[in-house]
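*Asks:* Show me the folded form of this:
(one chain, ligands or ions: 1)
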Amino acid sequence: MAEPAARVIVHIDMDAFFVEVERLHDPALRGKPVVVGGDPDGRGVVAASSYEARKFGVHSAMPLRTAKRLCPQAVFVQHHRGRYSEASEEVFDILEVFAPVVQPVSIDEAYLDLTGTERLYGAPDAAVTELRAHIRRKTGLPSSAGIGGSKLVTKIASGLAKPDGQRRVRVGDERAFLAPLAISIIPGVGKVGERRLREGGVRTIGDLDRLGRPRLEAWLGESGVWLWECSQGIDEREVQPGGDPKSIGRETTFWEDTGDAEFLESTLHHLAERAASRLRRHGMRARTVNVKFRTSDFRTSTRARTLKAPSWRDADLIPAALELFRQLFHDERGGRAKVRLLGAYFSGLSREAAQMDLLEGERERREENLIRSVDAIRDRFGDGAIVVGKVIRYLEEE
Ligand SMILES: [Mg+2]
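*Replies:* Numbers count the residues shown, from 1 in each chain. Alright, predicted model coming up:
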């Protein structure tokens, strides 16, 4: 019987994510020690710090006052949640197009399963180099990656490759790769575990390997077995696709609040188009269209409309979003409001095809294929690459 093909797993993790997103908004922050979290004299904690600040001992969750004491020359900036989720969605859009299975771990981190994609992408090292370059081109953000046969090994490898690097651990090389590393690098060991292991003379993962499974099990029970497996690079956990989303949407925060209705409409059109493309990528239809905006006084308004039937079509979703926006904008002080955040969301998501006769089904299937190929071209060449009307005409003439 043939051996099953080795898994190809990638752990991809954005570098100093909040800091790098802030740097996109304010390029003057590049190259400087930066601490995200807010007022350094206030009571808050560090949400993120740049590598330049980490050299001084600054780290996440540390009180901001301590960070200021360690690195008084750091630039302290506010935390902007909206900016990070916006950038995160852009990154995940790229990952979802690239990999057959994507498991989000946090806002800036995911496991990818690339098993079986060699024919499409070639060797995983080159494919991941290209993926990271693509993320940087599209979003301006640096990332690091680990490539290997298990989640454990790839997570550790991406951490060691930071910043802006990648590291592959070949199947069979796991023990040698892990042996010199401190036990604290194993996700889940924690401070208590580390202390207990050190008391027993265990400092490195290689020490676990040398102790051997029977002694580790006698000493620490099930945890001992798990630690021994870690030392061998054994980790059978699969990359699990993220569950179906409850809603799919796009929003943006303006650099400057604006009351320019034409600009706002074209922005909303663009957001709705991208959200619809994402909807189709998930193979879903939406029943409800939602528009949200926040005015300069931080009041948030939303309005929703339910469609006659669930749809994945731009032609149903975008006009509904634009109509909702016009109503909302008019109702806010007769169209004189200044807007700081604008978003389009689709909810009431489903997968099942609508009931229809065979002919209608065939027509819809062809339209769906066309829209999917337009989405694929947009993903490759950017949103401006295609004028949909022209493409449709071209295909019809054939
Ligand atoms: Mg990260």
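*Asks:* From now on I want contacts and neighbour counts done on CA atoms only, so please keep to that.
*Replies:* Fine.
*Asks:* which residues of the stretch 1-150 of the chain score low on pLDDT?
*Replies:* Applying pLDDT under 70 to the stretch 1-150 of the chain flags residues 1-5.
*Asks:* rerun that using 50 as the cut-off
*Replies:* Applying pLDDT under 50 to the stretch 1-150 of the chain picks out residues 1.
*Asks:* Close to the ion: what parts of it are there?
*Replies:* Where the stretch 1-150 of the chain comes near the ion, counting by Cα under 5 Å from the ion, the residues are 13, 14, 15.
*Asks:* Could you provide the residues you listed in CSV, with additional columns for secondary structure, distance to residue 264 and neighbour count?
*Replies:* What follows is these, written out as CSV (DSSP: H, G, I helix; E, B strand; the rest coil; distance: Cα to Cα, whole Å; neighbours: other Cα atoms under 10 Å):
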residue, secondary structure, distance to residue 264, neighbour count
13, strand, 33, 25
14, strand, 31, 24
15, coil, 32, 22
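*Asks:* roughly how far apart are residue 183 and residue 175?
*Replies:* From residue 183 across to residue 175, the span is 13 Å (Cα to Cα, to the nearest Å).
*Asks:* higher neighbour count, these two?
*Replies:* residue 183 (25 against 19; other Cα atoms under 10 Å).
*Asks:* pLDDT wise, what is the more buried one at?
*Replies:* Residue 183 carries a pLDDT value of 94.
*Asks:* Run a quick check on it versus residue 194, I expect a contact.
*Replies:* Yes. Using Cα atoms under 8 Å, residue 183 makes contact with residue 194 at a distance of 6.8 Å.
*Asks:* quick one: the strands in the stretch 1-150 of the chain?
*Replies:* Under the criterion DSSP state E, counting those that start in this stretch, the stretch 1-150 of the chain contains strands at 9-14, 34-36, 48-49, 75-77, 101-106, 109-113, 143-148.
*Asks:* Determine the set of other helices and strands touching the first one.
*Replies:* Of the remaining helices and strands, those touching strand 9-14 by 3 or more Cα pairs under 8 Å, 6 or more residues apart in numbering; DSSP states H and E are strand 109-113, strand 143-148, helix 151-161.
*Asks:* for the first one, packing partners?
*Replies:* Helices and strands touching strand 109-113, as assessed by 3+ Cα pairs under 8 Å, 6+ apart, comprise strand 9-14, strand 101-106.
*Asks:* what does the first one rub up against?
*Replies:* If you take Cα atoms under 8 Å, 6 or more residues apart in numbering as the criterion, strand 9-14 is touched by 108-115, 141-151, 154-155, 158, 239.
*Asks:* does the residue of the chain found nearest the ion have beta-bridge partners, and which?
*Replies:* Nearest residue of the chain to the ion (Cα to the ion) works out as residue 14 at 4.3 Å. When bridges are called by DSSP bridges, residue 14 pairs up with residue 143.
*Asks:* ok, now how distant is the residue nearest to residue 91 when sequence neighbours are not counted from residue 141?
*Replies:* Distances taken as Cα to Cα, 6 or more residues apart in numbering place residue 135 nearest to residue 91, at 6.6 Å, with adjacent residues excluded. Distance of residue 135 to residue 141, computed by Cα to Cα: 7 Å.
*Asks:* For stretch 203-212, give the mean pLDDT please.
*Replies:* 96.
*Asks:* what's near enough to touch residue 223?
*Replies:* residue 217.
*Asks:* what do you get for residue 291?
*Replies:* Applying Cα under 8 Å, 6+ apart to residue 291 gives the contacts 302, 303, 304, 321, 324, 325, 342, 343, 344, 345.
*Asks:* So for it, what's the pLDDT?
*Replies:* What the model reports for residue 291 is a pLDDT of 95.
*Asks:* Just the element for it, please.
*Replies:* strand 285-295 (DSSP states H and E).
*Asks:* what do you get for residue 223?
*Replies:* helix 222-232.
*Asks:* now that helix: how far from the chain's centre is it?
*Replies:* Relative to its chain's centre, helix 222-232 lies at 30 Å (Cα atoms, centre = their mean, to the nearest Å).
*Asks:* Pull out the buried positions in that helix.
*Replies:* Judged by neighbour count using 16 or more other Cα atoms under 10 Å, the buried positions of helix 222-232 are 224, 225, 226, 227, 228, 229, 230, 231, 232.
*Asks:* check those residues against the ion, which are close?
*Replies:* By Cα under 5 Å from the ion, no member of those lies near the ion.
*Asks:* quick one: which of those is nearest to residue 269?
*Replies:* Ranked by distance to residue 269 (Cα to Cα), the buried residues of helix 222-232 are led by residue 230 at 49.4 Å.
*Asks:* picking up where we left off before, tell me which of residue 135 and residue 141 has more neighbours.
*Replies:* Neighbour totals were compared for residue 135 and residue 141, and residue 141 leads with 23 against 20 (other Cα under 10 Å).
*Asks:* got a list of what the more buried one touches?
*Replies:* 14, 15, 17, 20, 21, 135 are the contacts of residue 141 under Cα under 8 Å, 6+ apart.
*Asks:* Return the distance of it relative to residue 107.
*Replies:* To residue 107, residue 141 is 14 Å away according to Cα to Cα.
*Asks:* that older thread, reformat the residues of the stretch 1-150 of the chain next to the ion as CSV; add distance to residue 308.
*Replies:* Below are those laid out as CSV (distance: Cα to Cα, whole Å):
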residue, distance to residue 308
13, 41
14, 41
15, 44
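*Asks:* Closest one of these to residue 123?
*Replies:* Closest approach between these and residue 123, by Cα to Cα: residue 13, at 20.1 Å.
*Asks:* separation between the closest one and residue 146?
*Replies:* Distance of residue 13 to residue 146, computed by Cα to Cα: 9 Å.
*Asks:* Need the overlap of contacts for these two.
*Replies:* Joint contacts of residue 13 and residue 146 (Cα under 8 Å, 6+ apart) are residue 158.
*Asks:* picking that back up, using TSV, lay out the buried residues of helix 222-232 together with pLDDT.
*Replies:* Below are the buried residues of helix 222-232 laid out as TSV (pLDDT from 0 to 100):
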residue	pLDDT
224	89
225	90
226	90
227	92
228	94
229	93
230	94
231	96
232	95
